[in-house]
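> only the shape, not the letters, is given here:
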C-alpha cells in the first residue's frame, strides 16, 4: 500500500481508531478500521490487486470475501 494511504489515515483518524500503546510508552501504536471507502489506495489494494488471489490461495478457497481493512501503525521504539 502506498505510504500516502497511511499518511492520510493517520492525519484523519476515524471514530473507530484506537491508541494501542499506553500513555507511558515512548512510541505510538495506532490502529484504525474500515477506511477503504474513504481512501482510494486502500480500496484498490483490497479489490484490484493480487491480494485477493493470494489470500484465496493461502486459504485454499475458491473465493475471498472482503470483510474489512485494519490499519496498524507501530512507531519504532514502541513497547
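Happy to help now that I have it. Predicted, not measured: the structure shown is a model, and the values here were computed from it.
> going by C-alpha atoms from here, please, whenever you check contacts or count neighbours.
OK.
> SS state for the residue nearest the centre of the chain?
With distances taken as CA atoms, centre = their mean, residue 71 lies nearest the centre of the chain, 2.3 Å away. Here residue 71 is strand, with the state taken from DSSP: H, G, I helix; E, B strand; the rest coil.
> my read: it touches residue 31, true?
Yes. At 5.3 Å, residue 71 counts as touching residue 31 under the criterion of CA atoms under 8 Å.
> residue 30 looks like it's in a strand, true?
Yes. Under three-state DSSP, residue 30 falls within a strand.
> can you count the residues close to it?
Neighbourhood size, residue 30 [other CA atoms under 10 Å]: 17.
> give me the low-pLDDT residue ranges for the chain?
The chain contains residues with pLDDT under 70 at 1.
> what about the strands in it?
For the chain, applying DSSP state E gives strands covering 18-19, 29-33, 70-74.
> can I get these in JSON lines with distance to residue 2?
Below are the strands of the chain laid out as JSON lines (distance: least, CA to CA, whole Å):
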{"stretch": "strand 18-19", "distance to residue 2": "22"}
{"stretch": "strand 29-33", "distance to residue 2": "16"}
{"stretch": "strand 70-74", "distance to residue 2": "13"}
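> residue 63 contacts residue 51, doesn't it?
No. Under the criterion of CA under 8 Å, residue 63 makes no contact with residue 51, lying 12.0 Å away.
> returning to that earlier point: what residues are shared contacts of residue 71 and residue 31?
Shared contacts of residue 71 and residue 31, defined by CA atoms under 8 Å, 6 or more residues apart in numbering, are absent.
> list the contacts for the nearest residue to residue 32 once chain neighbours are set aside?
In space, and not counting its chain neighbours, residue 32 is closest to residue 17: 4.1 Å by CA to CA, 6 or more residues apart in numbering. By CA under 8 Å, 6+ apart, residue 17 lies in contact with 30-33.
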